[in-house]
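> I need the structure of the sequence given here:
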Amino acid sequence: MDCPFLCGFHTPNGDEAEYQITAHIELQHTLDSEFTVEDQDLNFALVLQRQEEQVLANTRNRSTSINFNAEQSQTGKKTTADSADDEFPYAECAECEDFVHVVEFNEHMNAHSSLNSSSDAAPGTSTGPEYNHGSIGQPLVQGSTKISRHVDQGPRSPDKRAARSSVEETPRGRRLGKRELGPYAFEKRMPEYMLKRLRIGEPVRRANRIGRKGQLCVERIVDNEVPGLIPVIARLCETSAGLRRAYLCHPSVQHVFKAPKQTHFCGYRNIQMLVSYMQAVQATNHDCFGKQIPGVLRLQEMIEEAWDTSACSLARQETGGILNTRKWIGTPEVASICEHLNIPHSVHAFSHTRSKRAHEQLLDFAETYFLPGATEERSKVQKTCRAPIYFQQPGHSMTVVGFERSNNGSRSLLVFDPSFGPSNQLRDLLTKSLNAVIAESVASRLLSNYRRSTTQLAKYDEFEVLT
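Below you'll find the predicted structure:
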């Protein structure tokens, strides 16, 4: 008998199986449980604890094995991870418990290493190990790098059919599994402790601070919501010596990222970032989201409400429903909300063609998207009023907040990644004067977690964006 919360616990079928599963659920998945183990079952409780510790250890060790397998693949050896990646090409990060696509596991660990670095460390130094990125388009451990789901074609945006012409259509409506929806693809309800925390939401506090112009300000602080980062990133870009031109979206976009122990919700965090922009500029139907950024559970309700009205209802068949679960969501769910609320939107997908690879098409699109918003022709950093872009790659989504072109012609995206919050050193810049001097080496280091270079993007075969 398996645990219904899909945590990996298993007990053999028998007379005691029901009690053992009940004890496991009460002890491990029920917050403030009043359950007590009967004396005669004390032995079982100790065995139960050891079993669960072993399951947890096995899961944590998977991330280590991915790096070991990567080294073996360089010598041409076939590894067990290679065969498993076709089914579920993701490894759990022991640092943050996120499931990360194997082709970007090294970059993910480097981001942790960078964020864990001391604020006063020398530029480029790190407290953690450096991981090899691999060559362009050739990940050390190969997994599926295509998006299995595509938004249903419809009449909402006439240009979408042309944008999708290079994408191989995937039949919609079939029930999806772990590769598309994550490790909890068949979960009926997430653990109660996680539900309770999501219902309560992140703590809100207020603090007095001195503004850049010397005035006293009362600041509303939510730990996983950081406003005001776009102007800071603009300053960092201006300091970058090798940068020819950068374009940034509307400055009101907040960086929303995962709270501790709240993994699997990157799609919702990106919706929250889009909502932060809509609320600031009072975009069409922004009031449907309320005065504050809606939480994960509220967004799940809104998606289900959209499906009730047949907006992209095929997604309900594919997911089996998402309410109160940790199933991954993607572009179809974001499009469902937009259509349900009559929010103007357009979806574009990119995959390899004979003349151009997917990442090149993506970068072309981003540059074309931000270019019309440029207003200062002679400025290296163009601050536009463009909306951010919902950006979907296989297994993970981010919010594109800008575009860069270097002096050597290379291009990159600037993104808010919901897996990581800003470093303490970057947070400090939020309260400093806009005229404060920032060393070029420091700017480059602080920007590293916000850049997605050609090297990183070339590892994937497909992308989707929603604007």
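> pLDDT on stretch 340-356, on average?
Along stretch 340-356, the predicted confidence averages to a pLDDT of 93.
> How far off centre is that stretch?
In this view, stretch 340-356 has its centroid 19 Å away from the chain centroid, taken as Cα atoms, centre = their mean, to the nearest Å.
> Packing partners of the top strand by length along the chain?
As far as residue count goes, and with DSSP state E defining each element, the longest strand of the chain is strand 396-406. Secondary structure elements in contact with strand 396-406, counted by 3 or more Cβ pairs under 8 Å, 6 or more residues apart in numbering; DSSP states H and E, are helix 229-239, strand 243-248, helix 266-281, helix 358-370, strand 389-393, strand 411-416. Yep, even glycine has a C-beta here, placed from its N, CA and C like the rest.
> could those go into CSV alongside distance to residue 450 and mean neighbour count?
Compiled in CSV, the helices and strands packed on strand 396-406 are given as follows (distance: least, Cβ to Cβ, whole Å; neighbours: other Cβ atoms under 10 Å):
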stretch, distance to residue 450, mean neighbour count
helix 229-239, 6, 20
strand 243-248, 11, 21
helix 266-281, 13, 23
helix 358-370, 14, 20
strand 389-393, 13, 25
strand 411-416, 5, 23
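> so how many other residues sit close to residue 242?
Around residue 242 sit 11 other residues, with neighbours defined as other Cβ atoms under 10 Å.
> Relative to residue 448, how far out is it?
In this structure, residue 242 lies at 13 Å from residue 448, with Cβ to Cβ, to the nearest Å as the measure.
> what about residue 181, neighbour count?
For residue 181, the count of nearby residues is 25 (other Cβ under 10 Å).
> Wait, it touches residue 328, no?
Yes - between residue 181 and residue 328 a contact is recorded at 5.1 Å, counting by Cβ atoms under 8 Å.
> For residue 2, find the nearest of the helices and strands packed on strand 396-406.
For residue 2, the closest of the helices and strands packed on strand 396-406 is helix 266-281, at 26.6 Å, according to Cβ to Cβ.
> Run through the neighbouring helices and strands of the closest one.
Taking 3+ Cβ pairs under 8 Å, 6+ apart as the contact cut, helix 266-281 packs with strand 255-256, helix 296-308, helix 331-340, strand 389-393, strand 396-406.
> swap the cut-off to 10 Å and go again
Packing contacts for helix 266-281, counted by 3 or more Cβ pairs under 10 Å, 6 or more residues apart in numbering; DSSP states H and E, involve strand 225-226, strand 255-256, helix 296-308, helix 331-340, strand 389-393, strand 396-406, strand 411-416, strand 462-466.
> Would you single out the least confident of the ones you listed?
Taking mean pLDDT as the measure, strand 225-226 is lowest among these, coming in at a mean of 90.
> what does that one contact?
202, 204, 232, 254-257, 269, 272-273, 276, 292-293, 416, 421-422, 426-427, 430 (Cβ atoms under 10 Å, 6 or more residues apart in numbering).
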